[in-house]
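> Provided below for reference: sequence and predicted model.
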Amino acid sequence: MNQQIDTIAVDDGGNRQARQAAYRRASWPINLTPASVGYLSQGHGLILGNERDVRLAALALMKQGLSPPTLLFNEPVTTSPFGNDDADVETLMAETSGLTHHRLTRQQAADLRVEGYLGRFRVTLQHEEGPLDLARALADRDHFDQILDLGETPALALELPPPGYVATRWSDPQTPSRLEAFAGLVGEFDKPRYFQIHQEICAHSASGNIGCTRCLEVCPADAIQSQRSRVESRIEIDPYRCHGVGSCSSACPTGAIEFRMPESHRQQETLLAWLAAYREAGGGQPVIRFVSSEHLAADESPAGHVLDLPLEELGAAGHDQWLTAMAGGAAEVRLQYHPDMPERLVAFLDDQLTQARALLEALGHSPERISVLGIGDTAARDALPAQPPLPADGFMLDGTGKRDRLNRVLDRLAEQGRPDGARHAMPHAAAYGGLAVDTQRCTLCMACVASCPTPALAAGEESPELSFREADCVQCGLCVDACPEDAIALLPGFLADPARDQRHVCHAEAAFDCIRCGKPFATASTIATIKAKLADHPYFAGEAISRIEMCEDCRVRDVWRELARDPESQLKV
């Protein structure tokens with residue numbers, strides 16, 4: 001399936017007509033009434049930086065109608081404070097003399113903390129008696145509405161800072177336009193709530209242990225946190241700080257974080273519908289280009305065989321979506337990078353590309369079928385694919401479960417390729433791999449099953465046994481941490497073999513029957529282990545040790561019978 005295609009005449013006009021037919025067949029899904037979050041800003045700003053730049057910025061903003069801001073000098077002036085023109089200095093000082101201001105020491109500047117978003121910023125300093133709220137101390141307000149940071153080192157070192165926080169240098173040519181935009185951040189604003197979290201399938205935490213942290217590692221806005229309760233931890237996303245990059249949803253192996261602009265399964269369904277309509281209309285050699293809709297120029301006209309998928313942001317589609325295109329009949333997939341992409345997003349997409357190529361190679365396909373397009377590289381965008389598309393007639397995806405859809409795509413690619421049956425190395429933290437169970441240690445307590453967020457691990461219904469299906473395993477490691485006997489080890493890597501989809505028994509034992517009623521309630525090894533550990537416990541001294549060999553009901557009856565015979569026996573323990 002990886003043979004080079006012959007050089008033939010290409011009917012670009014026919015491909016363009018086929019592409020239009022595909023676009024008419026199914027509209028790109030758009031959430032017309034998305035849930036939203038609102039911001040309310042009354043224009044009470046805080047400006048950070050050295051005194052010269054801060055006063056100049058304050059004056060410029062007030063001339064644009066912004067309320068008098070609070071000034072915080074957290075850096076020294078590295079050159080002559082106000083230049084050589086004494087008249088200008090006097091004018092600047094006179095026009096800003098009435099503004100509330102405060103100068104921080106070097107240590108205070110290092111201890112400055114900024115939290116929040118447009119309309120609700122909290123700025124604090126560490127103090128002996130606790131954090132000192134500067135909005136309350138300097139402006140007698142509960143919070144600052146917006147922050148302009150002119151410092152050489154921003155107080156918030158984020159690739160995507162929260163709305164309402166603008167970091168720039170006074171000498172930057174873009175500063176005037178940024179000040180104008182900053183002055184306009186007054187009033188009521190709203191933006192979409194880009195995501196939905198399904199905590200019931202999240203692999204982040206179970207039984208007090210921490211498992212998957214993939215979403216925490218890829219958010220360039222630092223809007224995702226692990227919030228710990230008394231026992232469990234849970235993933236929470238601050239909708240006010242979220243920029244809708246989508247990388248968290250693409251990184252989530254279970255689908256617990258669902259991007260809603262649009263949902264991933266709707267993207268896949270539309271993609272497959274477009275490819276099917278393109279083929280039916282006579283189009284050939286289709287190439288799918290994933291591109292941010294914001295950077296899709298209206299006058300851009302790619303070659304007829306290139307179908308553009310306009311994403312809210314490039315991170316909203318990961319390797320599962322790219323491979324869906326391959327399974328659906330695309331000859332190639334191309335990712336259109338754009339200017340000013342956050343470094344963390346670029347690193348995430350590069351990792352996803354490595355995963356996609358590793359999977360293609362493991363399944364017997366050319367890894368070069370998926371590539372990255374450089375900014376402005378129209379020649380690479382319009383190039384004909386080097387290989388023909390895979391057969392895709394009738395391919396559809398059922399259900400909305402992310403992992404189920406991915407497994408269906410991988411099975412389709414395996415059918416069309418030549419899997420070698422080996423386990424292939426994958427990038428670090430990829431959600432592919434198996435388990436090794438030490439049967440000498442395993443007692444079939446099923447703590448691993450209780451912790452597993454997917455159907456990968458299961459307990460036997462008729463007898464004590466532990467079974468495993470690798471296709472469902474996301475390598476979160478919760479089973480390893482939950483096992484009291486250290487009997488489980490992860491086996492990272494993608495298994496290119498049909499056995500990956502099959503459930504097999506990892507360990508099984510005969511059931512241990514209650515010595516009183518005969519009900520099976522545990523395994524022989526479990527009972528033996530518990531007896532050994534509790535042999536010296538006073539509660540199980542003498543004949544009482546036999547209670548361990550009783551089911552839960554008979555054990556309680558035996559205790560009550562003992563108390564009836566000797567009411568004071570409980571005082572002897």
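Happy to help now that I have it.
> now do the contacts for Ala251.
Ala251 sits next to 214-215, 217-218, 318, 348 when contact means Cβ atoms under 8 Å, 6 or more residues apart in numbering. Just so you know, the C-beta spots here come from the backbone N, C-alpha and C atoms, and that holds for glycine as well.
> list the ones among these that fall in helices.
Mapping the contacts of Ala251 onto helices (DSSP state H) picks out 214-215, 217-218, 348.
> and these, which is closest to Leu99?
Checking the ones in helices among the contacts of Ala251 against Leu99 by Cβ to Cβ gives Val218 as the nearest, at 40.6 Å.
> can you lay out the ones in helices among the contacts of Ala251 as JSON lines showing neighbour count, distance to Asn15 and pLDDT?
Formatted as JSON lines, those follow (neighbours: other Cβ atoms under 10 Å; distance: Cβ to Cβ, whole Å; pLDDT from 0 to 100):
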{"residue": "Arg214", "neighbour count": "22", "distance to Asn15": "38", "pLDDT": "97"}
{"residue": "Cys215", "neighbour count": "24", "distance to Asn15": "39", "pLDDT": "97"}
{"residue": "Glu217", "neighbour count": "16", "distance to Asn15": "40", "pLDDT": "95"}
{"residue": "Val218", "neighbour count": "26", "distance to Asn15": "36", "pLDDT": "96"}
{"residue": "Phe348", "neighbour count": "25", "distance to Asn15": "32", "pLDDT": "97"}
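> give me the mean pLDDT for stretch 72-83.
Mean pLDDT, stretch 72-83: 70.
> hmm, back to that, now for the contacts of Ala251: which two are most distant?
Of all pairs drawn from those, the greatest distance, 13.7 Å, lies between Glu217 and Gly318 (Cβ to Cβ).
> so, low pLDDT: which residues of the stretch 1-150 of the chain?
1-9, 32-33, 78-87 (pLDDT under 70).
> at 90 what do you get?
By pLDDT under 90, the weakly predicted segments of the stretch 1-150 of the chain are 1-12, 26-35, 75-94, 97, 126-130.
> next: the stretch 251-400 of the chain.
Using pLDDT under 90, the stretch 251-400 of the chain drops low at 260-263, 295-301, 340, 376, 392-394, 398-400.
> mind listing the strands for it?
Here the stretch 251-400 of the chain has its strands, by DSSP state E, counting those that start in this stretch, at 257-259, 287-292, 306-311, 332-336, 370-373.
> of those strands, which is nearest Asp553?
Across the strands of the stretch 251-400 of the chain, closest to Asp553 is strand 257-259 (Cβ to Cβ), at 42.9 Å.
> so which elements touch the closest one?
Packed against strand 257-259, as judged by 3 or more Cβ pairs under 8 Å, 6 or more residues apart in numbering; DSSP states H and E, are the following elements: strand 195-197, helix 247-251.
> quick one, which of those is packed in tightest?
Sort the helices and strands packed on strand 257-259 by mean neighbour count, taking mean count of other Cβ atoms under 10 Å, and helix 247-251 sits at the top with a mean of 27.
> can you map out the helices along the stretch 1-150 of the chain?
With DSSP state H, counting those that start in this stretch as the criterion, the stretch 1-150 of the chain has helices at 12-25, 51-63, 86-96, 106-111, 134-139.
> out of those helices, nearest to Pro161?
helix 51-63 (17.0 Å).
> list the buried residues for the closest one?
51-58, 60-62 (16 or more other Cβ atoms under 10 Å).
> same thing with stretch 366-375?
Result for stretch 366-375 [16+ other Cβ under 10 Å]: buried residues 366-367, 369-370, 373.
> with stretch 275-282 instead?
For stretch 275-282, burial by neighbour count (16+ other Cβ under 10 Å) applies to 275-279, 281.
> repeat that for stretch 217-236.
Of the residues in stretch 217-236, 217-224, 233, 235 count as buried by neighbour count, 16+ other Cβ under 10 Å.
> from those residues, which land in strands?
Counting by DSSP state E, the buried residues of stretch 217-236 place 224, 233, 235 in strands.
> how much space between the nearest residue to the last one once chain neighbours are set aside and Glu217?
Leaving aside its chain neighbours, Ile235 sits nearest to His204 (5.0 Å; criterion: Cβ to Cβ, 6 or more residues apart in numbering). Here His204 is placed at a distance of 12 Å from Glu217 (Cβ to Cβ, to the nearest Å).
> which one of the helices of the stretch 1-150 of the chain lies nearest to Pro388?
helix 12-25 (14.6 Å).
> same for that closest one, what does it pack against?
By 3+ Cβ pairs under 8 Å, 6+ apart, helix 12-25 packs against helix 264-280, strand 306-311.
> tell me, how many residues neighbour Val333?
24 (other Cβ atoms under 10 Å).
> which ones are touching it?
When contacts are counted by Cβ under 8 Å, 6+ apart, Val333 touches 287-290, 322, 325-326, 369-371.
> mark which of the residues you listed are buried, thanks.
287-290, 322, 325-326, 369-370.
> possible to save the residues you listed as CSV with distance to Leu563?
Converted to CSV, the buried ones among the contacts of Val333 look like this (distance: Cβ to Cβ, whole Å):
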residue, distance to Leu563
Val287, 79
Ile288, 73
Arg289, 76
Phe290, 71
Trp322, 67
Ala325, 70
Met326, 69
Arg369, 73
Ile370, 71
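> let me know the closest of those to Gln416.
Using Cβ to Cβ, Met326 is the member of the buried ones among the contacts of Val333 that lies nearest Gln416, at 9.0 Å.
> how about the closest one, what does it touch?
Counting by Cβ under 8 Å, 6+ apart, Met326 has contacts 333, 360, 365, 369-370, 390, 409, 413.
> between the residues you listed, which is nearest Ile488?
For these, the nearest to Ile488 is Val409 (28.1 Å; Cβ to Cβ).
> which one of the ones in helices among the contacts of Ala251 is nearest Phe512?
Nearest to Phe512 among those, counting by Cβ to Cβ, is Arg214 at 40.0 Å.
> just the CA atoms of stretch 325-336, as CSV, please.
Backbone C-alpha positions of stretch 325-336 (Å, rounded to 0.1, in the frame of the first residue of the first chain) are rendered in CSV as follows:
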residue,chain,number,x,y,z
ALA,A,325,-8.2,11.1,7.5
MET,A,326,-5.8,8.3,6.4
ALA,A,327,-8.3,5.6,7.2
GLY,A,328,-11.0,7.6,5.4
GLY,A,329,-9.1,7.7,2.1
ALA,A,330,-6.7,10.7,2.3
ALA,A,331,-3.5,10.1,0.5
GLU,A,332,-1.6,12.4,2.8
VAL,A,333,-2.2,14.7,5.8
ARG,A,334,-0.5,18.1,6.1
LEU,A,335,-0.4,20.3,9.1
GLN,A,336,-0.2,24.0,8.5
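> pick out the shakiest of the helices and strands packed on strand 257-259, pLDDT-wise.
Lowest mean pLDDT within the helices and strands packed on strand 257-259: strand 195-197, a mean of 94.
> show me the shaky parts of the stretch 451-573 of the chain.
461-463, 510-511, 519-545, 547, 558-573.
> what sits in contact with each of His204 and Glu217?
Joint contacts of His204 and Glu217 (Cβ under 8 Å, 6+ apart) do not exist.
> about what we covered before: from the buried residues of helix 51-63, which is closest to Pro34?
The shortest approach to Pro34 among these belongs to Leu61, at 32.3 Å (Cβ to Cβ).
> quickly list the domain ranges of the chain.
For the chain, the domain assignment from automatic domain parsing gives the residue ranges 12-30+263-419, 40-190, 195-259, 424-508, 511-572.
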